[in-house]
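1. everything below, folded, please.
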Amino acid sequence: MTTAPAVYGIWNQTTGDRIYTTSSAEVSTDTASGYTSLGVVFHGVTTTGSGYAPVFRLRSPQGKHLYTPYTGERDLLVANGWTLEGTPFSVSLKSRPGTVPEYRFYDMVKHAHYLSSSATVPSGSRSDNLIIWPAP
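-> Numbers count the residues shown, from 1 in each chain. Okay, here's the model as predicted:
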């Protein structure tokens, strides 16, 4: 398994929206418009084949982002008005040497999805029961 470019996290404290991108230009643009940089949060993987998948970046009609490696979830969201913005990085779908878990949560106060390296569900959030394994 080889690692891909760094994945940066950026966060809008007001809306709770989080963006994960490999583009430093996107980080610069979005931090200039109110997002806070979280720095490098993990690395994607470049390995392909069984057990690896691109992560789809989707934007809700309210402008908030969600990330999923699953085509069924992607298709359901697109059918319900979400916009597919691309595949910014790829991950392993199971634990492997050289990967770390990232857990997806939903902030019930700000109504926004986000990834975390901690399995502990933060106060005010719920687990989306989704785990991906990027490289550290």
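2. for the rest of this, base every contact and every neighbour count on C-alpha atoms.
-> Fine.
3. partner strands of the helix or strand containing residue 126, with direction?
-> Using DSSP states H and E, residue 126 falls within strand 125-132. Strand pairing for strand 125-132, using DSSP bridges, gives strand 102-107 (antiparallel).
4. and the strand holding residue 126, average pLDDT?
-> Across strand 125-132, the average pLDDT comes to 95.
5. stretch 97-104 now?
-> The predicted model gives stretch 97-104 an average pLDDT of 93.
6. how about it as CSV, C-alpha atoms only?
-> The C-alpha coordinates for stretch 97-104 follow below in CSV (Å, rounded to 0.1, in the frame of the first residue of the first chain):
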residue,chain,number,x,y,z
PRO,A,97,-1.1,-2.5,8.2
GLY,A,98,-0.3,1.2,7.6
THR,A,99,-3.9,2.5,8.0
VAL,A,100,-5.7,4.2,10.9
PRO,A,101,-9.5,4.3,11.5
GLU,A,102,-11.5,7.4,10.9
TYR,A,103,-15.0,7.4,12.3
ARG,A,104,-17.9,9.4,10.8
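7. and the contacts of that stretch?
-> Identification of contacts with stretch 97-104 by C-alpha atoms under 8 Å, 6 or more residues apart in numbering yields 1, 92, 95, 113-119, 127-136.
8. from those residues, keep the buried residues only.
-> Buried members of these, counted by 16 or more other C-alpha atoms under 10 Å: 92, 113-115, 117, 127, 131-136.
9. which of those residues sits closest to residue 30?
-> residue 114 (16.7 Å; C-alpha to C-alpha).
10. just the pLDDT for that closest one.
-> 96.
11. what about it, which helix or strand?
-> Going by DSSP H and E, residue 114 is part of strand 112-116.
12. could you give the angle of that strand to strand 102-107?
-> Relative orientation of strand 112-116 and strand 102-107, computed by axes from the mean of the first three to the mean of the last three C-alpha atoms, to 10 degrees: 150 degrees.
13. neighbouring strands for strand 112-116, and are they parallel or not?
-> Looking at strand 112-116 with DSSP bridges, its partner strands are strand 102-107 (antiparallel).
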